[in-house]
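Visitor: predicted structure and sequence below. I'll ask about it afterward.
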2 protein chains.
Amino acid sequence: MSKRVITISRQFGSGGHSIGKKLAERLGVPLYDNELVTKIAEKSGFDVSFIKENSEKTSRASGYFMDFGIHGGAGFTTLSLYDQLYIAQHNIIRELAEQESCVIVGRCADYVLEDREDTLHVLIYADDDYRAERIVRLYGERDIPIAKRMKKKDSRRESYYRHYTNREWGDYKNYAVCLNTAQVDEDTCVDLIVDLFNK
Amino acid sequence: MSKRVITISRQFGSGGHSIGKKLAERLGVPLYDNELVTKIAEKSGFDVSFIKENSEKTSRASGYFMDFGIHGGAGFTTLSLYDQLYIAQHNIIRELAEQESCVIVGRCADYVLEDREDTLHVLIYADDDYRAERIVRLYGERDIPIAKRMKKKDSRRESYYRHYTNREWGDYKNYAVCLNTAQVDEDTCVDLIVDLFNK
């Protein structure tokens, strides 16, 4: 069965966004990364700046998110804003996958679409040195040292993923292919993923 | 830098051995999987049947293996037979990588050769249903149910790996590429790995 949707889980600085962009261009399908923010704002009524700030953040509440009833469309005003935002995002990702062929980066999309056999799940990661060099080159220096900056961002994404999926971020079992961009260059990654997508 | 050695860590039944064999044929280099047994017997004096039975088994002693002095060639007769076997295997893998281009399957070779930049580390895994069907087809039924059989073997390999490397088996960080053979067919895996190897 050829695939319709690609999800990309990516380590900060590994080039997952860039690979997603190239994939979308090559396949002639939309990319949803920051583009999801506008969609969520339109559908949920959340403010764009709130979504940008919080779309991969969890509340400080401990334990896992209970996702019963998430597809039911019931009101959820007793949930935290973070959880409401997650649910809005979840529903939009489900709708997008239903409607069209596309590439979705981050936002637990691999988990949200785990039951869809027409979806190819990809993990993009890289060695720390490679990521550090790339982050500083592309996004510039910050006051925080680069190692600390990566650790903070990785840890935030891992916590977010764990909270909403009850799975560990980066577990190979959740992916068809996992690629280390420090060793497999971006264009080779794109070629491989396109090949798998079309098979 | 093009690579000289490929290590394959593989989940039981995922086809890692088969991919290793095809890779070695395509590249015209030796494959070391069960072939290591003879090498270890020649060099260490251990009996072939003992090696076959125990080359990926740990002793029941708790805690991690302390690998200080492993490269020193000092006598190690106070160690358990399992640990002596691991050390003999470790030294042979180091020697092989030094001497020739080759493909090595299992036996913590990704850890043993982690410092060699001319080595490409690959993880091969697959969904349980795919593995179960493949194992029964290739190796036949046993008295133990297939799910239990896979769990036992996976768990044994994971414990062995953890004991001797102090790392978790299957951690994406240790590999250039991780491939799910339930979704990426063996020949595509081989093509990709050859491509990376020659780059």
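Guide: Noted; the coordinates are in hand.

Visitor: isn't residue A:174 up against residue A:112?
Guide: No. Counting by C-beta atoms under 8 Å, residue A:174 sits too far from residue A:112 to count as a contact (11.7 Å). Backbone N, C-alpha and C define where each C-beta goes, glycine included.

Visitor: who are the packing partners of the helix or strand of chain A with the lowest mean pLDDT?
Guide: Every helix and strand in chain A was compared by mean pLDDT, DSSP states H and E; the lowest is helix A:48-54, with a mean of 80. Here helix A:48-54 touches helix A:35-44, helix A:81-99, going by 3 or more C-beta pairs under 8 Å, 6 or more residues apart in numbering or on different chains; DSSP states H and E.

Visitor: and the most centrally placed residue in chain A, its phi and psi?
Guide: Chain A has residue A:106 as the residue nearest its centroid, 0.4 Å off, counting by C-alpha atoms, centre = their mean. Phi and psi for residue A:106, reported as degrees, to the nearest 10, are phi 70, psi -160.

Visitor: and chain A, which of its residues are near chain B?
Guide: Applying C-beta under 8 Å from any C-beta of the partner chain, one finds that chain A approaches chain B through A:120, A:123, A:125, A:127, A:170-173, A:175-180, A:183-185, A:188, A:192, A:195-196, A:199.

Visitor: let's see 6 Å
Guide: A:125, A:170, A:172, A:176-180, A:183, A:192 (C-beta under 6 Å from any C-beta of the partner chain).

Visitor: could I get those residues as JSON lines with neighbour count and secondary structure?
Guide: Below are the residues of chain A next to chain B laid out as JSON lines (neighbours: other C-beta atoms under 10 Å in any protein chain shown; DSSP: H, G, I helix; E, B strand; the rest coil):
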{"residue": "A:125", "neighbour count": "25", "secondary structure": "strand"}
{"residue": "A:170", "neighbour count": "20", "secondary structure": "coil"}
{"residue": "A:172", "neighbour count": "18", "secondary structure": "helix"}
{"residue": "A:176", "neighbour count": "24", "secondary structure": "coil"}
{"residue": "A:177", "neighbour count": "23", "secondary structure": "strand"}
{"residue": "A:178", "neighbour count": "25", "secondary structure": "strand"}
{"residue": "A:179", "neighbour count": "31", "secondary structure": "strand"}
{"residue": "A:180", "neighbour count": "24", "secondary structure": "strand"}
{"residue": "A:183", "neighbour count": "18", "secondary structure": "coil"}
{"residue": "A:192", "neighbour count": "22", "secondary structure": "helix"}
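
Visitor: okay, those residues in a markdown table with pLDDT next?
Guide: Formatted as a markdown table, those follow (pLDDT from 0 to 100):
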| residue | pLDDT |
| --- | --- |
| A:125 | 97 |
| A:170 | 95 |
| A:172 | 96 |
| A:176 | 96 |
| A:177 | 97 |
| A:178 | 98 |
| A:179 | 97 |
| A:180 | 97 |
| A:183 | 92 |
| A:192 | 90 |
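
Visitor: and of these, the nearest to residue B:157?
Guide: Residue B:157 lies nearest to residue A:172 out of the residues of chain A next to chain B, by C-beta to C-beta, at 14.2 Å.

Visitor: find the nearest non-adjacent residue to that closest one, please.
Guide: Closest residue to residue A:172 apart from its sequence neighbours, by C-beta to C-beta, 6 or more residues apart in numbering or on different chains: residue B:178 at 5.0 Å.

Visitor: so residue A:115 sits in a helix?
Guide: No. Under DSSP: H, G, I helix; E, B strand; the rest coil, residue A:115 sits outside any helix and is assigned coil.

Visitor: neighbours around it, how many?
Guide: Residues near residue A:115, counting by other C-beta atoms under 10 Å in any protein chain shown, number 8.

Visitor: contacts only, for it.
Guide: Neighbour list for residue A:115: empty [criterion: C-beta atoms under 6 Å, 6 or more residues apart in numbering or on different chains].

Visitor: now do it against chain B, distance only.
Guide: Distance of residue A:115 to chain B, given as C-beta to the nearest C-beta, to the nearest Å: 13 Å.

Visitor: give me phi/psi at that residue?
Guide: Main-chain dihedrals, residue A:115, degrees, to the nearest 10: phi -90, psi -10.

Visitor: which stretches in chain A count as strands?
Guide: Secondary structure of chain A (DSSP state E): strands located at A:5-10, A:31-32, A:102-105, A:119-125, A:177-180.

Visitor: for the closest residue to residue A:30 other than its chain neighbours, what are its contacts?
Guide: Residue nearest to residue A:30 in three dimensions, not counting chain neighbours: residue A:102, with 4.8 Å by C-beta to C-beta, 6+ apart. Neighbour list for residue A:102: A:5, A:29-30, A:32, A:96 [criterion: C-beta under 6 Å, 6+ apart].
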